[in-house]
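**Student:** Below are the sequence and a predicted model; questions follow.
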Amino acid sequence: SGGAVLINELMYHPSSENNLEEYIELQNTGPTNVSQAGWKFTKGIQFTFTNASIPAGGYLVVAADVTVFAGKYPSVTNVVGGWTGQLSNSGEEDASGSRVDSVTYADEGDWAQRQRRPRDIYGHRGWIWYAGHDGNGRSLELIAPGADDDCGQNWGSSSVTNGTPGQANSIAQTNVAPFILDVQHLPPVPRSIDTVLVAARLSDEHSSNVSASVYWRLDGAAGFTATAMFDDGLHDDGTAG
């Protein structure tokens, strides 16, 4: 079983613009060693593992070009590679093995920060997306391995230049606030006589003792009312749990 193996770090847009410096790091979060023999990357890049394995709690770097990688990271020895294709600079989905893990990443939205752009020749300052991992010398690192790794809120730019291939991520945390995803309310434009359903999906590294409340008020009211949200399958909240 490879269910404990996660895509943990991506160098998808090196500052050098040299695609051969790209790498993907896998982490084995489980208690036993995992063999990657016969596993494949099938989207974005193409690579088949031969006799690689990841020890319990360990890491394995998959490099676009092993020789180029060794020249830039000479101290990192837990590396395999030599893939075909390249990682997209604007985002894509990558998968390892038989859907052992799948990660969608991007250089905008939840994977980036909104910043004011420098003034242009007309004196305007609009807003742009900025991501240190998008050609600015950093890698894209997973924050909490126990939470949803397909959530942009769970990824961030490495705090060190060129990332941390082959070792723990520089921004890794063992306890993060629950990620609040897919918030919606129905009906989309409620009338004053409608009952309003508010739904959201929470992702956390802890599978129990996670709760949520929605704070609401009528337009013009001074204070908010707190209402507990349900996850029991009995309040239009989908399947319990």
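**Tutor:** Happy to help now that I have it.
**Student:** Can you tell me the SS state at the residue located most distally from the centre of the chain?
**Tutor:** In terms of distance from the mean C-alpha position of the chain, Ile193 ranks first, at 40.4 Å (Cα atoms, centre = their mean). State at Ile193, reduced to three classes by DSSP: H, G, I helix; E, B strand; the rest coil: coil.
**Student:** what are the ranges of the helices in the chain?
**Tutor:** Listed in chain order, the helices found in the chain under DSSP state H are 66-72.
**Student:** By mean pLDDT, flag the weakest helix or strand of it.
**Tutor:** When each helix and strand of the chain is scored by mean pLDDT, DSSP states H and E, strand 93-96 comes last, with a mean of 55.
**Student:** one step back: the residue farthest from the centre of the chain and Phe69: what is the separation?
**Tutor:** Counting by Cβ to Cβ, to the nearest Å, the separation of Ile193 from Phe69 is 63 Å. Using the backbone N, CA and C atoms, a C-beta is placed for each residue, glycine as well.
**Student:** Neighbours of Ala106, how many?
**Tutor:** 18 (other Cβ atoms under 10 Å).
**Student:** coming back round to it: next, work out how far apart the residue farthest from the centre of the chain and Arg116 are.
**Tutor:** Ile193 sits 43 Å away from Arg116, taking Cβ to Cβ as the criterion.
**Student:** what does Ala106 give?
**Tutor:** For Ala106, the distance to Arg116 - Cβ to Cβ - is 21 Å.
**Student:** Which pLDDT value belongs to the spatially most central residue of the chain?
**Tutor:** With distances taken as Cα atoms, centre = their mean, the chain has Trp155 as the residue nearest its mean C-alpha position (4.0 Å). Looking at Trp155, its pLDDT reads 96.
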